[in-house]
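Participant: Here is my input, please return the structure:
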Amino acid sequence: MTVEQSLLGKDTNYPTEYQPDILFPIARAPARETYAHVEGIQQGKDWWHVFEISWLNAMGIPQVAIGRLTLPASSTNLIESKSLKLYFNSMNFTKFDSKDAFIATVEKDLSQATQAPVTIDLFAANDLAIAQPEGICIDTLQPKRLEEHPDASLLQFDASDEHVEVQLYSHLLRSNCPVTGQPDWGTVFIRYKGKKPCYKSILAYIISYRQHNGFHEQCVEQMYADIWQNLKPEQLMVYATYTRRGGLDINPCRVSDPTWMPRPIRLARQ
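Facilitator: Residues are numbered from 1 along each chain as shown. Reported below is the predicted structural model:
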């Protein structure tokens, strides 16, 4: 199925009965065609925070929680976000004997849709802490050249011959939904080991996504692939924490080395 067949950008009625078949899987492979060979492109995770979770306990009393989904980057499919929102809303009036029964149902349905093991952790309404970004913020730098669409030629090395291991981050990531054209905002973290890159060029490259149409996962994978192929680091991590839309935020992370997988976080803008 293609995203054009999904409910994204279309008027829909919110279901009031449990409806697992509303989930709309999208194959990852077509978007990865140009960089499928890049080391680590299927290594990592997509974390989703779901802020609108509710179901009924056995007595019919509403329960609420914040959910964190973990979806492996190696999954055959990702899930279109509006269908995921509608899926969780379809459970608002469904009774479950226990929280564990709710979790088991969600994991079964999402694992089936993505063709990979998906897990969900539930947090009480006040328990998902806000973290502070770690690393060097590059947002005050002045790039020499700016482009309106992703341009890997912007990526340059520093004038020095220095070898570094560093984590950079920028709050200036912006891209557009490829179906609705709505803007997506995020903070992107780049952990890098190798010949020192020009930090101004990294910022220029991030800014070049400002008018790009792409899903969150695809933007992160293209960033990862471009940095990997053009700067040839020894190790690399690209992790984006996007702001929420429709009660969901999406946080894709790709790593060249599994030991570089960060812990999932929630930033203030999310």
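Participant: From here on, just use CA atoms for contacts and neighbour counts.
Facilitator: Will do.
Participant: any idea how far D139 lies from E165?
Facilitator: Distance check for D139 against E165: by Cα to Cα, to the nearest Å, it reads 19 Å.
Participant: When these two are compared, which one has more neighbours?
Facilitator: Remark: of D139 and E165, D139 carries more neighbours, 17 against 14, as counted by other Cα atoms under 10 Å.
Participant: isn't that one right up against L172?
Facilitator: Yes: using Cα atoms under 8 Å, D139 makes contact with L172 at a distance of 7.1 Å.
Participant: all strands in the stretch 1-150 of the chain, in order from the N-terminus.
Facilitator: 25-27, 44-56, 62-72, 77-79, 119-123, 136-137 (DSSP state E, counting those that start in this stretch).
Participant: Dump these to TSV, plus distance to S90.
Facilitator: As requested, the strands of the stretch 1-150 of the chain are arranged in TSV below (distance: least, Cα to Cα, whole Å):
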stretch	distance to S90
strand 25-27	17
strand 44-56	9
strand 62-72	13
strand 77-79	16
strand 119-123	17
strand 136-137	40
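Participant: Output these in a markdown table, with mean pLDDT, distance to T94 and mean neighbour count appended to each entry.
Facilitator: Formatted as a markdown table, those follow (pLDDT from 0 to 100; distance: least, Cα to Cα, whole Å; neighbours: other Cα atoms under 10 Å):
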| stretch | mean pLDDT | distance to T94 | mean neighbour count |
| --- | --- | --- | --- |
| strand 25-27 | 96 | 23 | 19 |
| strand 44-56 | 98 | 6 | 21 |
| strand 62-72 | 98 | 9 | 20 |
| strand 77-79 | 96 | 22 | 20 |
| strand 119-123 | 98 | 17 | 17 |
| strand 136-137 | 98 | 45 | 15 |
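Participant: looking at the ones you listed, which is closest to Q235?
Facilitator: Relative to Q235, the nearest member of the strands of the stretch 1-150 of the chain by Cα to Cα is strand 44-56, separated by 13.4 Å.
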